[in-house]
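Undergrad: Build me a model:
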Amino acid sequence: MSEIEFVGARMEKEIVHMIEETAEEEQVDKTKALKQLVILGRKEYLLQKYLQLYREGRCSLDKAAEEIGITMWEMMKEATNAGIQSNQTIDEYKEGLKYLLSK
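TA: From the prediction side, this is the model:
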């Protein structure tokens, strides 16, 4: 079990309302709703961050997928949806496939 720590934060009424709406929709308490929203927001933040790094050629797709906590295939789909074209050559792609299949 993970250690629990209290975090106090002041939030605008609109944000508190979002938390309350989520809690009601999901039929959970506000703490659980806030945790879900933070986790979802963090994942989206990381996705956007690593898509930008990949777009700039500063990160590979497999590294991005690992950091975000998604599969390589999901990351490839996200990159395609973001309109990012791979700069990988066919030969590099084939080598990557050989490597994956050897594991």
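
Undergrad: Which secondary structure elements does the host helix or strand of residue 14 sit against?
TA: Residue 14 is part of helix 13-26 when elements are defined by DSSP states H and E. Secondary structure elements in contact with helix 13-26, counted by 3 or more C-beta pairs under 8 Å, 6 or more residues apart in numbering; DSSP states H and E, are helix 30-55. Every C-beta, even on glycine, is put in place using the N, C-alpha and C of the backbone.

Undergrad: got the contact list for residue 37?
TA: 18, 19, 22 (C-beta atoms under 8 Å, 6 or more residues apart in numbering).

Undergrad: Just give me the residue closest to the centre of the chain.
TA: residue 43 (3.1 Å; C-alpha atoms, centre = their mean).

Undergrad: In space, what's closest to that one - neighbours in sequence excluded?
TA: residue 68 (6.5 Å; C-beta to C-beta, 6 or more residues apart in numbering).

Undergrad: What about that neighbour, how many residues nearby?
TA: Residue 68 has 21 neighbours, counted by other C-beta atoms under 10 Å.

Undergrad: And the pLDDT at it?
TA: Each residue has a pLDDT score; the one for residue 68 is 96.

Undergrad: residue contacts, it?
TA: 43, 46, 47, 50, 75.

Undergrad: Weed out the non-buried ones from these.
TA: 47, 50, 75 (16 or more other C-beta atoms under 10 Å).

Undergrad: Would you check how far apart the first one and residue 78 are?
TA: Counting by C-beta to C-beta, to the nearest Å, the separation of residue 47 from residue 78 is 6 Å.

Undergrad: what is in contact with the two at once?
TA: Common neighbours of residue 47 and residue 78, counting by C-beta under 8 Å, 6+ apart, are residue 70.

Undergrad: if we can go back for a sec, is it true that the residue nearest to the centre of the chain touches residue 69?
TA: Yes: under the criterion of C-beta atoms under 8 Å, residue 43 makes contact with residue 69 at 7.1 Å.

Undergrad: list the residues that contact both of these two?
TA: Common neighbours of residue 43 and residue 69 (C-beta under 8 Å, 6+ apart) do not exist.
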